[in-house]
Every structure is written in C-alpha cells, then in structure tokens.
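Trainee: could you work out the structure for the sequence below:
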Amino acid sequence: MALKEFSKVWVLEVKNNCKFLTSILLISIFYLLYSLPFSVTADNIPYPSARAGHNMIYNPINGEIILFGGMKDNLNYQGSYLNDTWVYHYSNNSWIEITSIAQPSNRNGPSMVYEPIHHRVLLFGGSSHAGFLNDTWEFKLSTYQWSKIEVEICPPKCADAEMFFDLPNNEIVLFGGYTPVGYSDETWIFNINDNLWEKQNLSSHPSSRYGHRIVYSSSKDLGVLFAGHAFDSSDTINNDMWLYNCSNKQWSEMTVDSPPSIRYWHDMIYDETNEKIIMFGGRKNSYSFDCWGDTWEYIEESNQWVEIETNQGPEERMFCSMVYNEQAKKVILFGGNEDPNTTIFDDLWEYDTNKSKWKEIITGKKANSNILIGIIGILSLTGIASIIRNKSKSR
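Mentor: Residues are numbered from 1 along each chain as shown. Below you'll find the model as predicted:
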C-alpha cells in the first residue's frame with residue numbers, strides 16, 4: 001500500500017473512531033441524565049421549589065389552584081421556611097408566582113380553606129423557626145392580594161390544625177393542631193361576616209391531635225376527620241374517623257370496618273362528583289421517617305374504605321398537599337417529603353377518580369429536561385447511524 005493511500009485510510013479510520021467515541025460519550029451522557037433525579041429549568045419558566053408542609057386550595061370559579069408556604073429543608077433556619085404564593089393553571093399546565101404588597105410570614109403547616117361567600121382563601125397559624133403562629137390572613141381571589149385580619153380572640157398558636165367550610169352555616173370550622181404546650185382538642189368557629197373567632201364547648205369531640213385531615217362532604221353536610229397524631233402517654237397514631245354534624249354542630253365517632261392503617265400528615269380530598277373521599281400517603285410512626293405511598297377511596301354510600309391498586313403513582317411521602325379540580329375531575333398533588341433531611345419533592349401528579357389511576361404531570365421545567373435528553377439521544381443515534389453507513393461504504 002502506497003504511503004498516500006495509507007494516509008487516507010488512516011485519516012478515515014480516525015474520523016470514524018472519533019465519531020464512534022463521540023457517540024459513546026453522548027450515549028453515556030444520555031443515560032446519566034435519564035437516571036439522575038434532577039430537572040433542567042429554563043430561567044423564564046416559573047415553577048415552585050421543592051417543599052413540604054405547604055397548603056393548596058382550589059378556586060372553583062376559574063379552576064385555578066393556590067399554593068402557599070411550606071419548608072424547603074429540615075434545618076429549622078429562617079430560610080428553611082417559605083412564604084411564596086403560586087397559582088397553578090391546569091388548563092395550560094403552567095405556574096405563576098404571585099407578588100403581594102403584604103403577605104403572611106414564612107411558615108409551614110398553615111391551615112387554609114376556600115371561603116365562597118367572599119371569594120377568598122382564609123389562612124390561620126402554622127410554625128416557623130421562631131415558633132408557632134396564630135395570625136389570620138385572607139387572600140382575595142379577585143385581586144390576588146394578601147391582607148391580615150385583626151382579631152381580638154383567636155385559637156391558640158398552633159400548626160397542622162385542620163379547617164373546613166361549613167356550607168349550611170356559612171362559617172369555618174377549625175379543629176386540633178400542634179401547640180407550644182401539646183396537641184389541641186379544641187373546636188373553633190370563624191364567623192366570615194364579622195371576622196370573629198369563637199371557641200366551641202362541646203361534650204364530645206376527637207382526642208387532641210395534629211397531622212389529621214378533615215374534608216367537607218357536601219352530599220351529607222358533614223365534616224369528615226381521619227387519623228392524626230394524638231397526645232397521650234403512649235404517643236398514639238390514629239386511624240379513627242369522626243363526623244362533625246353541621247346541623248347540630250356536634251362531633252361523633254364513626255365505626256368503619258377495615259380502615260386504612262394508622263398515619264398522620266397524609267392528605268385527603270372530597271370528590272363531589274362521585275361522593276367519595278380520596279386519601280394518599282402519610283407518616284407511619286413518630287420514631288422514623290417511614291411513609292405510606294398507598295391510595296385509598298372512602299365510599300360514603302357503603303361506608304367502606306377501599307385500597308386502590310395502582311401501577312404507578314407518587315413515591316411514599318408525607319406533608320404533601322392535594323386538591324380536587326372540579327372542572328377536570330382530577331385530584332392534583334404537589335410536593336411533600338419522605339425523609340425531610342434528604343428527600344423533599346417538587347413533583348406534580350393527577351389522580352383520575354373515575355379510572356382510579358395516577359399520572360405525573362410534566363410541567364415546563366421537566367419538559368425542558370426531557371427535551372434536552374431527547375436531543376442528546378437523537379444526536380447519539382445519528383452518530384451511530386453515520387458510523388454504520390461509513391462502515392458499509394468502506395466495504
């Protein structure tokens with residue numbers, strides 16, 4: 001072989017090998033990006049940061065979801081707690097951060113509820129690095145602005161209490177919570193016209209607790225409470241059910257066969273269309289960060305809990321937040337944590353209550369990541385195809 005011909009062959013082989021090595025490198029990057037739990041976010045695409053202990057409320061007028069607060073880590077620093085407000089539009093799958101002249105301070109575990117008469121979101125309490133809170137705020141959905149409601153009498157400082165709107169009486173009911181001196185068993189009512197809190201002296205009520213959940217059953221005019229962390233000598237985690245009768249404003253315990261396992265910091269919503277409660281996740285005990293990742297439906301008509309077997313769904317977690325999107329007929333879930341020292345989520349999921357199936361919602365930030373991965377994958381395959389063609393030609 002002449003030197004000139006040998007040089008051409010050598011240069012061709014070098015080029016082919018470079019293409020081969022480049023493709024191998026691209027494939028390696030492709031699999032690395034695919035396997036790592038992160039997303040590439042464009043600076044101009046708004047999206048809430050990972051968090052737990054936040055709260056979300058559904059706006060039935062336009063189908064938007066309001067998200068507020070939470071904690072981004074477990075360090076208990078001032079910067080660990082959040083007070084940002086976000087609006088999620090399900091119709092176009094987008095988030096917008098809201099800027100308000102005044103707003104509640106950084107906190108997690110606030111109680112929030114939609115108040116339909118004045119078309120606003122009411123917020124009470126929560127906790128921060130400085131301790132527990134008992135302030136009352138309103139978020140007007142007509143202006144997207146927060147303002148503090150000054151009250152003389154209010155529930156004690158607490159976090160992880162639960163509120164629901166009592167539709168027949170046009171008032172807000174609050175129960176329980178974690179206070180500086182223990183767990184609460186108090187029931188309070190908020191008068192929405194006078195903006196006044198009033199404590200209720202009830203002969204029967206659930207035990208003191210926090211991390212429980214209450215939903216309002218519009219078909220029965222009942223507040224339905226499930227589970228929570230009780231305050232007693234045995235450090236009890238519950239799986240009991242209680243009903244708040246809006247007609248006589250009294251609590252009564254409910255007997256249910258085969259309820260879900262004990263838990264707290266789970267979440268629940270009420271599906272008005274199918275008259276059932278959807279529940280997900282929660283913390284299993286108080287001495288470890290083991291969490292549930294199960295989905296349950298409570299059917300009012302048969303007074304029965306049914307565990308839903310799903311092929312995919314959110315990872316095991318606690319302290320997430322869910323709402324029921326009435327327009328889409330879907331449950332929307334965002335965030336939460338498993339071990340708050342290592343695993344805090346920023347994923348968004350929807351649950352189809354008719355099909356009993358979970359599906360992750362890929363928003364702008366994750367879409368960017370998928371596009372980048374797809375481009376690298378295409379480049380890798382293009383490089384391999386080029387090598388194959390060159391090899392074929394050389395033969």
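
Trainee: so what touches stretch 240-254?
Mentor: Under the contact criterion C-beta atoms under 8 Å, 6 or more residues apart in numbering, stretch 240-254 has outside partners 166-169, 173, 175, 187, 189, 200, 202-206, 214, 221-227, 256, 259, 303. Yep, even glycine has a C-beta here, placed from its N, CA and C like the rest.

Trainee: distance between the ends of that stretch?
Mentor: 8 Å (C-alpha to C-alpha, to the nearest Å).

Trainee: list the buried residues of that stretch.
Mentor: For stretch 240-254, burial by neighbour count (16 or more other C-beta atoms under 10 Å) applies to 240-244, 246, 251.

Trainee: and if you look at stretch 67-81?
Mentor: Within stretch 67-81, judged by 16+ other C-beta under 10 Å, the buried ones are 67-73, 80-81.

Trainee: secondary structure added to those residues, as JSON lines?
Mentor: Shown next, in JSON lines, are the buried residues of stretch 67-81 (DSSP: H, G, I helix; E, B strand; the rest coil):
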{"residue": "Leu67", "secondary structure": "strand"}
{"residue": "Phe68", "secondary structure": "strand"}
{"residue": "Gly69", "secondary structure": "strand"}
{"residue": "Gly70", "secondary structure": "strand"}
{"residue": "Met71", "secondary structure": "strand"}
{"residue": "Lys72", "secondary structure": "coil"}
{"residue": "Asp73", "secondary structure": "coil"}
{"residue": "Ser80", "secondary structure": "helix"}
{"residue": "Tyr81", "secondary structure": "strand"}
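
Trainee: Pro156 touches Asp185, doesn't it?
Mentor: No: taking contacts as C-beta atoms under 8 Å, Pro156 lies outside contact range of Asp185: 11.4 Å.

Trainee: and the nearest residue to His118 once chain neighbours are set aside, how many neighbours?
Mentor: Of all residues not flanking His118 in the chain, Ile192 sits nearest, at 6.5 Å (C-beta to C-beta, 6 or more residues apart in numbering). Ile192 is flanked by 20 other residues according to other C-beta atoms under 10 Å.

Trainee: sorry, back to before: now the buried residues of stretch 240-254 in a markdown table, with distance to Val331?
Mentor: Shown next, in a markdown table, are the buried residues of stretch 240-254 (distance: C-beta to C-beta, whole Å):
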| residue | distance to Val331 |
| --- | --- |
| Asp240 | 23 |
| Met241 | 20 |
| Trp242 | 22 |
| Leu243 | 22 |
| Tyr244 | 22 |
| Cys246 | 24 |
| Trp251 | 26 |
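
Trainee: tell me the one of those residues nearest Trp137?
Mentor: Minimum distance to Trp137 across the buried residues of stretch 240-254 is 23.6 Å, recorded for Tyr244 (C-beta to C-beta).

Trainee: how near is the closest one to Trp305?
Mentor: Separation of Tyr244 from Trp305 (C-beta to C-beta, to the nearest Å): 19 Å.

Trainee: now, which of the buried residues of stretch 240-254 sits nearest Trp296?
Mentor: So of the buried residues of stretch 240-254, ranked by how close each gets to Trp296 (C-beta to C-beta), first place is Met241, at 12.0 Å.

Trainee: quick check: beta-bridge partners of that closest one?
Mentor: Met241 forms beta bridges with Phe226, Met254, as assigned by DSSP bridges.

Trainee: how about low-confidence regions in the stretch 201-350 of the chain?
Mentor: 232-234 (pLDDT under 70).

Trainee: one more pass at 80, please.
Mentor: Under the criterion pLDDT under 80, the flagged ranges of the stretch 201-350 of the chain are 231-235.

Trainee: need the strands for it, in chain order.
Mentor: 209-210, 213-217, 222-230, 237-245, 250-254, 267-271, 276-283, 291-299, 304-308, 321-325, 330-334, 348-352 (DSSP state E, counting those that start in this stretch).

Trainee: ok, which of the ones you listed comes nearest Asn106?
Mentor: Nearest of the strands of the stretch 201-350 of the chain (C-beta to C-beta): strand 321-325, 16.7 Å.

Trainee: and the closest one with strand 330-334, angle?
Mentor: Between strand 321-325 and strand 330-334, the angle comes out at 160 degrees (axes from the mean of the first three to the mean of the last three C-alpha atoms, to 10 degrees).

Trainee: so how far is strand 321-325 off the chain centroid?
Mentor: Between the centre of strand 321-325 and the centre of its host chain there is 8 Å, according to C-alpha atoms, centre = their mean, to the nearest Å.

Trainee: need the CA coordinates for it. PDB is fine.
Mentor: Taking Å, rounded to 0.1, in the frame of the first residue of the first chain, the C-alpha atoms of strand 321-325 are listed here in PDB:
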ATOM      1  CA  SER A 321     -50.900  18.800  49.600                       C
ATOM      2  CA  MET A 322     -53.900  17.800  47.400                       C
ATOM      3  CA  VAL A 323     -56.900  19.500  45.900                       C
ATOM      4  CA  TYR A 324     -59.800  18.300  43.800                       C
ATOM      5  CA  ASN A 325     -60.100  20.000  40.500                       C
END
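
Trainee: run through who's touching it.
Mentor: So strand 321-325 is contacted by 54-58, 63, 65, 67, 90, 267-272, 278, 280, 330-336, 350, 353 (C-beta under 8 Å, 6+ apart).
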